[in-house]
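Trainee: Predicted model and sequence follow; I will ask about them next.
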Amino acid sequence: VYRIGRALARHLPARTWLVGYDARAHSAALYRAVAAGLADEGRTVTGTGLTSTPQLHFTQVHRGFEAGVMVTASHNPKEYHGCKVFDGAGGSVSYEKGLDRVEAIVAGVSAPERVPERAFAEIDGVEEYVAFVAGNAGQGRKLAGRVVIDISNGSAGRVFSRLVERLGVVLGQ
């Protein structure tokens, strides 16, 4: 993942990167590795810690980061892991947008004996994201009946608890 960070920095012209991770067992270590790779290529890295992909994406666009990396395997089984990458327009970096070139760059980056530790700033975008979601819930209509909230396998627990309070949701009914 360190090599992926270096390759992403070489592929995308973005100078500022927001990184986050999901609740899987190894995600925090991979988060630090991708951040170190980006930093070692001269990029400014800011972390948002444990988060959901939608929250990372919102925070990236809302705060003006030129790119974002979410360390996650999304809905895949626990033995898998990966990174979702977002460009400056907020779109996913796919094979149509050069992911094959990133893979080729990774192949040319030598692996370090151990991943270096790099310090980087961290921000908490929970309140901004909760305000955004709450402001769009029901699109101005009073919520009635059942409300379903995806807590992203635990990654969005903080968001869930704040939304429940803010929206006045009564649990267990």
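Mentor: Nice, I can see it.
Trainee: Excluding its own residues, what touches the helix ranked longest in the chain? List them.
Mentor: If you go by DSSP state H, the chain has its longest helix at helix 27-40. Contacting residues not belonging to helix 27-40 are listed as 1-9, 17, 19-21, 45, 47, 49-50, 69, 71-72, 81, 83, 115-118, 120 [Cβ atoms under 8 Å, 6 or more residues apart in numbering]. C-beta coordinates here come from the backbone N, C-alpha and C atoms, glycine included.
Trainee: Next, check those against the helices and list the overlap.
Mentor: Per DSSP H, those map to helices at Tyr2, Arg3, Ile4, Gly5, Arg6, Ala7, Leu8, Ala9.
Trainee: Just the buried residues of the contacts of helix 27-40.
Mentor: Among these, those classed as buried by 16 or more other Cβ atoms under 10 Å are 1-9, 17, 19-21, 45, 47, 49-50, 69, 71-72, 81, 83, 115, 118, 120.
Trainee: Average pLDDT for the longest helix of the chain, rounded please.
Mentor: The average pLDDT for helix 27-40 rounds to 98.
Trainee: Can you show me the strands along the protein?
Mentor: Under the criterion DSSP state E, the chain carries strands at the ranges 16-21, 44-50, 67-71, 83-86, 121-122.
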